[in-house]
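K.L.:
Take this sequence and fold it.
(chains A and B)
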Amino acid sequence: MKHPIDRREFLKLAGLGGVVFASSLGAARAAGTMAAAKGGTYDDFYFVQLSDPHWGFEGPPNPDAKGTLKKAVAAVNSLSEQPDFIVFTGDLTHTTDDPKVRRQRLTQFKEIVSELKVKDVRFMPGEHDASLDRGEAYQEFFGKTHYTFDHKGVHFIALDNVSDPRALIGEEQLQWLAADLKAQPQDANIVVLTHRPLFDLYPQWDWATRDGAQAIDLLMPHPHVTVFYGHIHQEHHKMTGHIAHHAAKGLMFPLPVAGSQPQRNPLPWDPAHPYQGLGFRDIEAEAKNAEFKLTELPVQKA
Amino acid sequence: MQATRRRLTLGLAGLLLGAGTIGLRAATQPEEKVIKILARKFTYSPNKLTLKKGVPVVLELTTADVLMGFSVPDFDIRADIIPGKVVRVRLVPDKVGTFAFLCDIFCGTGHETMNGTISVVA
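P.N.:
Numbers count the residues shown, from 1 in each chain, chains lettered A, B, ... in the order given. Now for the predicted structure:
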């Protein structure tokens, strides 16, 4: 990226109100909660993470259920400098017991996001997309549910912890992960993209991956690992050892803080603050500081 | 009739479950109270239990339709409830409070509200 600071300043001036994660990895380390991501060399770039659009959901938690994703697409398209690529970390559609409706929703979702200016878009399933048919419909539209790609010195790994309805990555995929990691330099810059938290965030609300600890164990020998995920419909940051885990906001309805209320029901829509709690983030890989910087952005201007 | 069939299969299922059943040996001890819980899309019946601290119980789990999960994270208990089988888990309520249990196998549109509570009183 040529002018990362200029772009961030633009976001503020444009009223998009991006909130820079105060503890982008360096600062977070100062706060005692994060670690640096310094690893092998990489070039500056940035990408955008969108998560949990739940296309097909209808209900009071979002009176603009049919418009929010389109607004998010417009917001990404309005960024002054377009990202290198975009990732969707799951729950592209809201679940349905009807396979035909599932495919209709996947079709509609794909049509809407085809309006993104950036055409390098990486998708992952959430349990709403894939758990009822082990990812069959999802794969018809978006291909493999776990894969890797490399971008400007960073190795990205998309992990599927939803196609198995038991919230398992599964032995086969774990072996695949182990083999992939073995092929990387130990100090590789690794980013894991997934849907559910790999750690036990709050199993009482199913905010966990049953065998996520095995994936974390495989990642632990690598000193520069960052995980971006969705599922919990809110920003959340957590360290497991030196590995940083960052949950993204959703694009349909926000969920409460873990354990803050008896049920994990969506937070109510606030007419005075529409789209509150929804948003997406841009993630800057800054070679100079050897860190990722997260900027949270709203669906529409405040 | 279904319930009768389940009871008939109960003995065999208990033998077959083996390592998959938590506390099976203890579960067969007659003095422990057995609480039957039936899972079906997308509820547990009953979905509210009240237990006395220090008094173990055996939860006897069945499903009326599809594969379900039963998880009580605060007591480190979980089981798959397989259609046609009876699953027993032993629960030792060693702390007072209200604790969630939930289905942790994605089972359909109502999965996310398929849960209940266990209240443990002194």
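K.L.:
A:Pro165: what's it in contact with?
P.N.:
Residues in contact with A:Pro165 (C-beta atoms under 8 Å, 6 or more residues apart in numbering or on different chains) are A:Glu127, A:Ser131, A:Leu132, A:Arg134, B:Leu67, B:Ile105, B:Phe106, B:Cys107. For every residue, glycine as well, the C-beta is placed using N, CA and C.
K.L.:
dump the residue contacts of A:Leu174.
P.N.:
The contact partners of A:Leu174, taken as C-beta under 8 Å, 6+ apart, are A:Asp211, A:Gln214, A:Ala215, A:Leu218.
K.L.:
Confirm it sits in a helix?
P.N.:
Yes - applying DSSP: H, G, I helix; E, B strand; the rest coil, one finds A:Leu174 inside a helix.
K.L.:
Distance check, it against A:His146.
P.N.:
10 Å (C-beta to C-beta, to the nearest Å).
K.L.:
Then A:Gly153?
P.N.:
According to C-beta to C-beta, A:Gly153 stands 22 Å off from A:His146.
K.L.:
neighbour count winner among these two?
P.N.:
The neighbour comparison of A:Gly153 against A:His146 (other C-beta atoms under 10 Å in any protein chain shown) goes to A:His146, with 22 against 15.
K.L.:
circling back: which one of the contacts of A:Leu174 has the most neighbours?
P.N.:
A:Ala215 (24 neighbours).
K.L.:
Name the nearest residue to B:Pro83, sequence neighbours excluded.
P.N.:
Leaving aside its chain neighbours, B:Pro83 sits nearest to B:Thr63 (5.4 Å; criterion: C-beta to C-beta, 6 or more residues apart in numbering or on different chains).
K.L.:
and the one you found, what are its bridge partners?
P.N.:
B:Ala39 (DSSP bridges).
K.L.:
all strands of the chain, in order?
P.N.:
Answering for chain A, as no chain was given. Here chain A has its strands, by DSSP state E, at A:19-20, A:45-50, A:85-89, A:121-124, A:147-151, A:154-158, A:189-193, A:225-229, A:236-240, A:243-247, A:279-286, A:291-298.
K.L.:
meant chain B actually
P.N.:
Applying DSSP E to chain B gives strands spanning B:33-40, B:43-45, B:48-52, B:57-63, B:68-72, B:77-81, B:87-91, B:97-102, B:115-121.
K.L.:
Now tabulate those strands in TSV and tack on mean pLDDT and mean neighbour count.
P.N.:
Output for those, formatted as TSV (pLDDT from 0 to 100; neighbours: other C-beta atoms under 10 Å in any protein chain shown):
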stretch	mean pLDDT	mean neighbour count
strand B:33-40	97	16
strand B:43-45	98	16
strand B:48-52	98	15
strand B:57-63	98	22
strand B:68-72	98	24
strand B:77-81	97	19
strand B:87-91	97	22
strand B:97-102	97	19
strand B:115-121	97	18
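K.L.:
Can you tell me how far the residue of the stretch 51-200 of chain A found nearest chain B is from A:His155?
P.N.:
The stretch 51-200 of chain A approaches chain B most closely through A:Ser131 (3.6 Å), counting by C-beta to the nearest C-beta. Note on A:Ser131: its distance to A:His155, by C-beta to C-beta, is 27 Å.
K.L.:
Please tell me the pLDDT value assigned to residue 55.
P.N.:
All of this refers to chain A. Looking at A:Trp55, its pLDDT is 98.
K.L.:
sorry, should have said chain B
P.N.:
96.
K.L.:
Contact residues of chain B facing chain A?
P.N.:
B:67, B:69, B:71, B:73-74, B:80, B:99-100, B:102, B:104-109, B:111-113, B:115 (C-beta under 8 Å from any C-beta of the partner chain).
K.L.:
circling back to that earlier point, now intersect the contacts of A:Leu174 with the helices, please.
P.N.:
Per DSSP state H, helices hold the following members of these: A:Gln214, A:Ala215, A:Leu218.
K.L.:
if we can go back for a sec, can I get the strands of chain A in a markdown table including mean neighbour count and distance to A:Lys70?
P.N.:
Below are the strands of chain A laid out as a markdown table (neighbours: other C-beta atoms under 10 Å in any protein chain shown; distance: least, C-beta to C-beta, whole Å):
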| stretch | mean neighbour count | distance to A:Lys70 |
| --- | --- | --- |
| strand A:19-20 | 16 | 23 |
| strand A:45-50 | 23 | 12 |
| strand A:85-89 | 23 | 15 |
| strand A:121-124 | 21 | 15 |
| strand A:147-151 | 15 | 27 |
| strand A:154-158 | 22 | 25 |
| strand A:189-193 | 24 | 23 |
| strand A:225-229 | 26 | 23 |
| strand A:236-240 | 16 | 26 |
| strand A:243-247 | 22 | 23 |
| strand A:279-286 | 23 | 13 |
| strand A:291-298 | 21 | 15 |
